[in-house]
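A.B. asks: Provided below for reference: sequence and predicted model.
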Amino acid sequence: MMEFLMQYNLAGVVIGVATFLIIGLFHPLVIKGEYYFGVGCWWVFLLMGILSTVASILVSHIFYSTLLAVWGASSFWSIGELFHQRRRVERGWFPKNPNRK
């Protein structure tokens, strides 16, 4: 498959689409994470970010290394978004979990 992507110069397009999908995946993860666990789940995003960034460094294939780096950057970005999400919930823009204390 990689030969096909490289032969037709599609690797960049696939990386772009995958980046879009990864970022799109983290949006609901942040919302649901804050809803069910509050900002206390920030360490999960930190751990994912560290692991995927280290994996990105260790993987020699540029395609997979890039996707792991995007996953890591999105994980780190999500830590800040958790705290922003808490403010959005306080402002009433998103529902507050009535079962969480």
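C.D. replies: Structure's in. What do you need? Numbering: from 1, shown residues only.

A.B. asks: the lengthiest helix in the chain - what's its average pLDDT?
C.D. replies: Longest helix in the chain by number of residues, with DSSP state H as the criterion: helix 62-90. Here helix 62-90 scores 96 as its mean pLDDT.

A.B. asks: tell me what that helix is packed against?
C.D. replies: Here helix 62-90 touches helix 11-37, helix 42-58, going by 3 or more CB pairs under 8 Å, 6 or more residues apart in numbering; DSSP states H and E. Every C-beta, even on glycine, is put in place using the N, C-alpha and C of the backbone.

A.B. asks: any chance of CSV for those, columns mean neighbour count?
C.D. replies: Putting those into CSV (neighbours: other CB atoms under 10 Å) gives the following:
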stretch, mean neighbour count
helix 11-37, 15
helix 42-58, 15
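
A.B. asks: I'd like those helices laid out as JSON lines, including distance to Pro98 and mean pLDDT.
C.D. replies: Formatted as JSON lines, the helices and strands packed on helix 62-90 follow (distance: least, CB to CB, whole Å; pLDDT from 0 to 100):
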{"stretch": "helix 11-37", "distance to Pro98": "11", "mean pLDDT": "95"}
{"stretch": "helix 42-58", "distance to Pro98": "22", "mean pLDDT": "98"}
